[in-house]
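**Student:** need a 3D model of the sequence below.
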Amino acid sequence: MKILIPMDGSENALRALRHVLDRRGWYRETLELHLVNVQPPVASGAVRMFIPQEQLREYYDEEGQKALKAARQLLQDSGMPFHCRVGVGEPGATIAHYCTEHGCDLIAMGTRGLSALGNMLLGSVTVKVIHLAHVPVLLIK
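**Tutor:** Model (predicted):
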């Protein structure tokens, strides 16, 4: 069973990962975990003409790896096999696209991430993923 866990570096995202790890015995099939971090594009329009594409890619990768660091360590300590990916784009749509592209069976994610909209019941990325995903979405509070 392939489970996609979006990771933005927040405690809520780590909680979702811990939830899946703690309950891996619930699944009959061997779990294949996919961690994805999505970086919003920082440069658009004319700005991209002045910043080399390779420099932008390095920036996105560095920021994504920072957000994945704690999750990667947790999974390495657990011995659970996993895949990591840093994407660039609108987070909700990119997560849903990754899920479809890699044939994931479930998305497990926190209800809120790093957004400043902390007083909302569900974060905007979570709502977007729920609407766009074609697989069950498990929300971890």
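**Student:** now for Pro91, how many residues are close by?
**Tutor:** 24 (other C-beta atoms under 10 Å). No exception for glycine: its C-beta is placed from N, CA and C like everyone else's.
**Student:** contact partners for it?
**Tutor:** Counting by C-beta atoms under 8 Å, 6 or more residues apart in numbering, Pro91 touches Pro6, Asp8, Val38, Pro40, Val125, Lys128.
**Student:** restricting to C-alpha, output the helix or strand bottoming out on mean pLDDT in the chain in PDB.
**Tutor:** The helix or strand of the chain with the poorest confidence is helix 47-50; it has a mean of 72 (mean pLDDT, DSSP states H and E). Extracted in PDB, the C-alpha atoms of helix 47-50 (Å, rounded to 0.1, in the frame of the first residue of the first chain):
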ATOM      1  CA  VAL A  47      12.000  38.000 -12.100                       C
ATOM      2  CA  ARG A  48      12.800  34.600 -13.700                       C
ATOM      3  CA  MET A  49      14.800  36.300 -16.400                       C
ATOM      4  CA  PHE A  50      17.300  37.600 -13.800                       C
END
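**Student:** and the contacts of it?
**Tutor:** Residues outside helix 47-50 that contact it (C-beta under 8 Å, 6+ apart) are Leu56.
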